[in-house]
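In: A predicted structure for the sequence below; I have some questions about it.
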Amino acid sequence: MMQRLRRSAAAKRLAQTATTSFGRVTSGARMTPGFLIVGGQRCGTTSMYRTLSQHPAVLKAVLHKGVHYFDTSYGKGMGWYRSHFPLEATATRVERRTGTRPLTFESSPYYMFHPLAAERIDRDLPEVKVIVLLRDPVERAYSAHAHELARGFETEDFETALALEEERLAGEAERLAADPAYRSHGHQHHGYLQRGRYIEHLERLEAVFGRDRMHVVDSHAFFTDPEPVHDAVLRFLGLPHTGYPVFERHNARPRSPMPEELRARLEEHFAPYDERLAAWLGHSLSWRAQGVPLA
């Protein structure tokens, strides 16, 4: 059984390498993204990706949902990045069939947090639009910890990881900004509190893209009442409404309830950031107004 799994994984890697190699040779004839889902991590980005992939005028990335070019793979060059997207000839066929020029996209949630990603995106894709999903930052932190633990990127329990975060991330954003080739395991995988200070990241994105190229989605609204959320995303992208897709939730991980005392401490921590976020958005936040957690 284990040998079959290893052979299957090796075959998959070989196929991906071959596809990427072919993609690089044909990169000049490939599409570039019209929009990106840039975050936040554990906020429903996979569900949004799969929802939008069902639209007849949307073509997803060829190999991966997240290419991670503008954060951890920027040194590989734009030819490598374009190798991950459909051919322009495919777009032409879709346009003939649908009457709409299709868009291609990818979803890399680290883009929202990485200090260099926004400027890189704007430089290489000057007209691209970005979609951001947000959820209760307390639940996001707890979910992210379970996610990193399951993937082997975390070894500490949740409370210990929170206590270690400041030390683990100290100076890492500055090192990333100073050295484009630098990669930080801690910054990418251990930002449980920092990633939930949404207003800081949105203000940084706004300074680069402007509000007109940004669209923010409340994940609670997306999962509980998806139709109007879907409509608003299509309007933002300039895509026609062709009927509703199948709305499903992906990547939810079962976990034990968070201790109430810890939850209260985290809610207090995020309160000033949430207050600034509500002012920036111009409306109340679902997790503050209703207190409804997402799994």
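Out: Thanks, I have the structure now. Note that the coordinates shown come from a computational prediction; the quantities given were computed from them, not determined experimentally. Numbering: from 1, shown residues only.

In: which residues sit in contact with Thr155?
Out: Residues near Thr155 by CB atoms under 8 Å, 6 or more residues apart in numbering: Leu149. C-beta here means a position set from N, CA and C on the backbone, and glycine is covered the same way.

In: doesn't it belong to a helix?
Out: No: looking at Thr155 with DSSP: H, G, I helix; E, B strand; the rest coil, it is coil, so not inside a helix.

In: got phi/psi on it?
Out: Dihedral angles of Thr155 (phi, psi; degrees, to the nearest 10) stand at phi -120, psi -10.

In: correct me if wrong: Val233 contacts Val217.
Out: Yes: assessed by CB atoms under 8 Å, Val233 is found in contact with Val217 at 6.9 Å.

In: what touches both of these two?
Out: Common contact partners of Val233 and Val217 (CB under 8 Å, 6+ apart): Met48, Ile131.

In: the stretch 51-200 of the chain: helices as residue ranges?
Out: For the stretch 51-200 of the chain, the helices defined by DSSP state H, counting those that start in this stretch occupy 69-72, 78-82, 88-98, 117-124, 137-151, 158-169, 172-178, 185-189, 198-209.

In: want to try TSV for those helices, with mean neighbour count and mean pLDDT as columns?
Out: Converted to TSV, these look like this (neighbours: other CB atoms under 10 Å; pLDDT from 0 to 100):
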stretch	mean neighbour count	mean pLDDT
helix 69-72	23	98
helix 78-82	18	96
helix 88-98	14	97
helix 117-124	18	98
helix 137-151	21	96
helix 158-169	15	98
helix 172-178	15	98
helix 185-189	17	98
helix 198-209	18	98
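
In: dump the ones you listed into a markdown table; add distance to Glu268 as well.
Out: Supplementary listing: these in a markdown table, determined by distance: least, CB to CB, whole Å:
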| stretch | distance to Glu268 |
| --- | --- |
| helix 69-72 | 31 |
| helix 78-82 | 41 |
| helix 88-98 | 49 |
| helix 117-124 | 29 |
| helix 137-151 | 10 |
| helix 158-169 | 13 |
| helix 172-178 | 24 |
| helix 185-189 | 24 |
| helix 198-209 | 16 |
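
In: nearest to Ser53 among these would be which one?
Out: Checking the helices of the stretch 51-200 of the chain against Ser53 by CB to CB gives helix 88-98 as the closest, at 13.0 Å.
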